[in-house]
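**Q** Model the following, please.
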Amino acid sequence: MAHQLFPGPLVVCMHGTHPDMLHLCFRTAGDCGLAGLGTLESHLLIKPLRSPIQHLIPNPALRHVVCCHPFGSTCVRDGLTKYPCMQGRPCMLNLPAFLALQEIVAWMGWTPWKITYASKYFDLLHNYAIQLIKVGKAYVCHQSKAEIEEYREKGLPSPWRERSVQENLKIFDDMRKGLYKEGEAILRMKMDYKNENPNMWDSVAYRIKYVEHPMAGDKWCIYPSYDFTHCLCDAIEDITHSLCTLEFESRRASYYWLLDVLDTYKPVVWEYSRLNITNTVLSKRKLNKLVTDNHVHGWDDPRLLTLAGLRRRGVAPESINAFCREIGITRNANVIPYHKLEHHVRAYLDASSPRTLAVLRPLRVVLTNVPEHHSSTVTAASMPGRPENQPYEVPFSRVVYIEATDFRLQDSKDYYGLAPGKSAMLRYAYPITVTGYSASDDGTITEVQAEADLDFIAGGGKKPPKGVLNWVAQPAPGQDPERAEVRLYDVLFKSEAPDALGDAWLDDINKESLEIVQGAMINPHLAANAKAFDRFQFERLGYFCVDLDSKPGSLVFNRTVTLKDSFKK
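**A** The predicted model follows:
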């Protein structure tokens, strides 16, 4: 099909199926760029036009963040980006959700240039509907949803398909005036009910809804459908390239049918493959199922690859952007290994997260050669060996706590923790040597006794033990360290491809995807300064982020990612 070309700036529009349309327009910044777009970039460069603008559909899933990354094409060409959200139906417009969307977009580093709504064009869209009726390409239908589906399956036309233009105009005006109840009448496009493409089976253009619109108020009681609004808003806003995922390729026919009939400007449509990542689901329908059926704790559950979930887990926007740049956009079906995302998460956190000492599962160690009332500090490093390092003080006393897994009764050559008679280094402090231990009746180790080499000086010539332990000491004699809750996250699904399991996909949920550790210990410096969304490396343990559930004196941490990749390649 030959497409009319708008002689202005290149305007790229990405679409999904969200029923509400908000327009967040962005003048893209260089650091939002995406290098190596491959097929998409080549496609866009076919048109030697000026400043590109993108039109992007906002969606909570990471799949749609990657889809939004033709940002690279626009920023390379000094253009604008638009996020559309069809808010035609008032019952589907969730203002708090859109405010959250604006917040998360800002968090991603994308600065709005302008914000518009599809409701801005309601008058114009209504005029288009009247024009459609006048040229004999729309009619008022009184079939129920079930009746429409039945007639479509049988290849039959609506009984009201051949109404006269004047009758259709009269009834549509009565619909506009509120003279019909909801469901009693709809406006349908008179397309091709015998077409092999179901998208051409006389789609709905307008429905009656007696709900006040958050943007348009009570002016309207009829609202345009997504199929009607989508392509017309593209045309109204001079979009040059409308982008969507491959499963909507069949919608090209209906998209251009409406624009052809109305003789409007027509964008170029281009489809790309959806992003799929192993061990998770990214479809809106399945994400909604997980949330509404309480398989997860809301849309910002850190196990979900939603932007809110990733943010709460502690993933930085820089990591998401780097991940998007690496995988690019293509028309080929693809499944990206989860560890590729984790690689970018880990790389950014390693370069930016301050180090701190904490213990997840504490085991009490009494340093028998340290006086009972001894209280001092040792100097720890927030970024060891780096210019941005900011030293901080941690308490050192007679009682310290180490990881329970760092003591065992049987030693081995490949083990560098503590065992009877064995030494290990307390990070930033002193070597300690085990002299004894205590155990409960069931054999559980309850305490370790050890001696500290208080004369040890780092770099002083004495060779330290190979094993280095994370630890937390009592801040004062007899006073336990600050406690915290730590949430350890794993992949949400056991298999790499839960989507391939059909209706049994929920049975594949990993019941061990969340482990809550109560009673973890943190040092006073961390307890005093940590706030929501702060990211840290707990030395030897992984990267962690302060959760929103944290309260003064009761911090909660989410493990963002482990220190090393544990996925099988």
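**Q** Export the single longest helix found in the chain to CSV, keeping only CA atoms.
**A** Criterion DSSP state H: the longest helix present in the chain is helix 338-352. Extracted as CSV, the C-alpha positions of helix 338-352 are listed here (Å, rounded to 0.1, in the frame of the first residue of the first chain):
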residue,chain,number,x,y,z
TYR,A,338,17.4,-13.8,32.5
HIS,A,339,21.0,-13.6,33.3
LYS,A,340,21.6,-11.0,30.6
LEU,A,341,19.3,-8.6,32.5
GLU,A,342,21.1,-9.5,35.8
HIS,A,343,24.5,-8.8,34.1
HIS,A,344,23.6,-5.2,33.5
VAL,A,345,22.0,-4.9,37.0
ARG,A,346,25.1,-6.3,38.6
ALA,A,347,27.5,-4.2,36.5
TYR,A,348,25.9,-0.9,37.4
LEU,A,349,25.5,-1.8,41.1
ASP,A,350,29.1,-2.9,41.3
ALA,A,351,30.3,0.5,40.1
SER,A,352,27.9,2.6,42.1
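**Q** contacts for that helix?
**A** If you take CB atoms under 8 Å, 6 or more residues apart in numbering as the criterion, helix 338-352 is touched by 62, 277-280, 305, 314-316, 318-320, 322-323, 326-327, 491, 535, 537, 543, 560-561, 563, 565, 567, 569. All C-beta atoms are positioned from the backbone trio N, CA, C, and that covers glycine.
**Q** same question for that helix, mean pLDDT?
**A** Helix 338-352 comes out with an average pLDDT of 96.
**Q** any idea which helix or strand comes after that helix?
**A** With elements assigned by DSSP states H and E, the helix or strand that comes after helix 338-352 is strand 355-356.
**Q** neighbours around the nearest residue to residue 563 once chain neighbours are set aside, how many?
**A** Leaving out its chain neighbours, the residue that sits closest to residue 563 by CB to CB, 6 or more residues apart in numbering is residue 542, at 5.3 Å. Neighbour count for residue 542, taken as other CB atoms under 10 Å: 20.
**Q** For residue 542, give me its contacts.
**A** Residues counted as contacts of residue 542 (CB under 8 Å, 6+ apart) are 559-563.
**Q** So which residues of the stretch 201-350 of the chain form helices?
**A** In the stretch 201-350 of the chain, the helices defined using DSSP state H, counting those that start in this stretch lie at 226-236, 252-262, 284-292, 307-313, 317-327, 338-352.
**Q** Just list the residues touching the closest residue to residue 363 other than its chain neighbours, thanks.
**A** What sits nearest to residue 363 in space, not counting adjacent residues and going by CB to CB, 6+ apart, is residue 404, at 4.2 Å. Contact analysis of residue 404 by CB under 8 Å, 6+ apart lists 361-363, 445.
**Q** worst-scoring helix or strand of the chain, pLDDT-wise?
**A** When the helices and strands of the chain are scored by mean pLDDT, DSSP states H and E, helix 71-76 comes last with a mean of 37.
**Q** how close does the residue nearest to residue 363 sit to residue 520?
**A** Using CB to CB, to the nearest Å, residue 404 is found at 11 Å from residue 520.
**Q** Residue 414 now?
**A** Residue 414 is 27 Å from residue 520, by CB to CB.
**Q** the more surrounded of the two?
**A** Shown here are residue 414 and residue 520; by other CB under 10 Å, residue 520 has more neighbours (24 against 4).
**Q** just for the stretch 51-200 of the chain, where's the confidence low?
**A** 51-98, 112-116 (pLDDT under 70).
**Q** Repeat that for the stretch 201-350 of the chain.
**A** Within the stretch 201-350 of the chain, no stretch has pLDDT under 70.
**Q** Could you rerun that using 90?
**A** In the predicted model of the stretch 201-350 of the chain, residues 211-218, 226, 230, 233-249, 267-276, 282-285, 306-308, 321, 324-335 satisfy pLDDT under 90.
**Q** Tell me who's in contact with the residue nearest to residue 545 when sequence neighbours are not counted.
**A** Leaving aside its chain neighbours, residue 545 sits nearest to residue 314 (2.6 Å; criterion: CB to CB, 6+ apart). Contacts for residue 314 (CB under 8 Å, 6+ apart) come out as 302, 349, 533, 535, 543-545, 558-561.
**Q** Helix, strand, or coil at the closest residue to residue 383 other than its chain neighbours?
**A** Using CB to CB, 6+ apart and skipping the chain neighbours, the partner closest in space to residue 383 is residue 389 (4.2 Å). Residue 389 carries the three-state label coil when classified by DSSP: H, G, I helix; E, B strand; the rest coil.
**Q** any idea how far residue 472 is from residue 383?
**A** Remark: distance between residue 383 and residue 472 (CB to CB) = 20 Å.
**Q** do residue 438 as well
**A** Distance of residue 438 to residue 472, given as CB to CB: 20 Å.
**Q** same thing with residue 101?
**A** 40 Å.
**Q** between the two, which one's more packed in?
**A** Of the pair residue 101 and residue 472, residue 472 is the one with more neighbours under other CB under 10 Å, namely 24 against 20.
**Q** And the helix or strand containing that one, how far out from the chain middle?
**A** Here residue 472, judged by DSSP H and E, is contained in strand 471-473. The chain centroid and the centroid of strand 471-473 are separated by 35 Å under CA atoms, centre = their mean, to the nearest Å.
**Q** so after that strand, what's the next helix or strand?
**A** strand 482-489.
**Q** Share the number of residues neighbouring the closest residue to residue 181 other than its chain neighbours, please.
**A** Among residues not flanking residue 181 along the chain, residue 208 sits closest, at 7.2 Å (CB to CB, 6+ apart). Residue neighbour count, defined by other CB under 10 Å, stands at 20 for residue 208.
**Q** sorry, back to before: name only those of the contacts of residue 542 that count as buried.
**A** 559-561 (16 or more other CB atoms under 10 Å).
**Q** from those, which single one is nearest residue 176?
**A** Using CB to CB, residue 560 comes nearest to residue 176 of the buried ones among the contacts of residue 542, at 52.5 Å.
**Q** Need the mean per-residue confidence for the one helix or strand the closest one maps to.
**A** Assessed by DSSP H and E, residue 560 sits inside strand 555-561. For strand 555-561, the mean pLDDT works out to 98.
**Q** Can you tell me which helices and strands that strand packs against?
**A** In terms of contacts (3 or more CB pairs under 8 Å, 6 or more residues apart in numbering; DSSP states H and E), strand 555-561 is packed against helix 307-313, helix 338-352, strand 482-489, strand 535-538, strand 542-546.
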